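Visitor: Requesting a structural model of the entry that follows:
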Amino acid sequence: MLSAGQRPTDPDILVVEAWGQGFLVGFLIVMIAITSANMKKGVLLHKLNVAELALALGHGTFIFLHAPAYGWFLSVTAVGLTISHSLHNVIAWMKIRGFIPPWGTRLYLITLLAA
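Guide: Residues are numbered from 1 along each chain as shown. Below is the predicted model:
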């Protein structure tokens, strides 16, 4: 049984994990390319979308490292993934703020800060 921060040793599990991470990285690269192609000058939302995707990109590469770097890199890239998640929520707020009343905006932002 593996504990947290340990790399799997079973080759079948490693193959599945590597494929999963490969799909994640490939998807993020395609999304960054699409977002970059549709970027307009002076639009903050597009830049935030690219930043969100780029922050999550590193989390799809930790399977290639061995101990002790495996656990360390997994933890460090999880920080970027968490920041990406929070940025995603801010981007969602930017998109919906025109459709909710001011008290709803305050409530939404308070829940983001509480999380």
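Visitor: quick one: the spatially most central residue of the chain from residue 92, how far?
Guide: Nearest to the geometric centre of the chain sits residue 56, at 3.0 Å (C-alpha atoms, centre = their mean). Using C-beta to C-beta, to the nearest Å, residue 56 is found at 15 Å from residue 92. C-beta here means a position set from N, CA and C on the backbone, and glycine is covered the same way.
Visitor: quick revisit: in terms of helices and strands, where is the residue nearest to the centre of the chain?
Guide: helix 44-57 (DSSP states H and E).
Visitor: for that helix, what is the average pLDDT?
Guide: The average pLDDT within helix 44-57 is 93.
Visitor: so how far is that helix off the chain centroid?
Guide: Distance of helix 44-57 from its chain centroid, counting by C-alpha atoms, centre = their mean, to the nearest Å, is 9 Å.
Visitor: and that helix, what does it pack onto?
Guide: Helix 44-57 sits against helix 11-37, helix 69-96, with contacts defined as 3 or more C-beta pairs under 8 Å, 6 or more residues apart in numbering; DSSP states H and E.
Visitor: Columns distance to residue 102, mean neighbour count and mean pLDDT on top of these, output as a markdown table?
Guide: Shown next, in a markdown table, are the helices and strands packed on helix 44-57 (distance: least, C-beta to C-beta, whole Å; neighbours: other C-beta atoms under 10 Å; pLDDT from 0 to 100):
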| stretch | distance to residue 102 | mean neighbour count | mean pLDDT |
| --- | --- | --- | --- |
| helix 11-37 | 30 | 13 | 90 |
| helix 69-96 | 13 | 14 | 90 |
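Visitor: Let's have the ones you listed in TSV, adding distance to residue 111.
Guide: Formatted as TSV, those follow (distance: least, C-beta to C-beta, whole Å):
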stretch	distance to residue 111
helix 11-37	26
helix 69-96	9
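Visitor: Alright, calling it a day.
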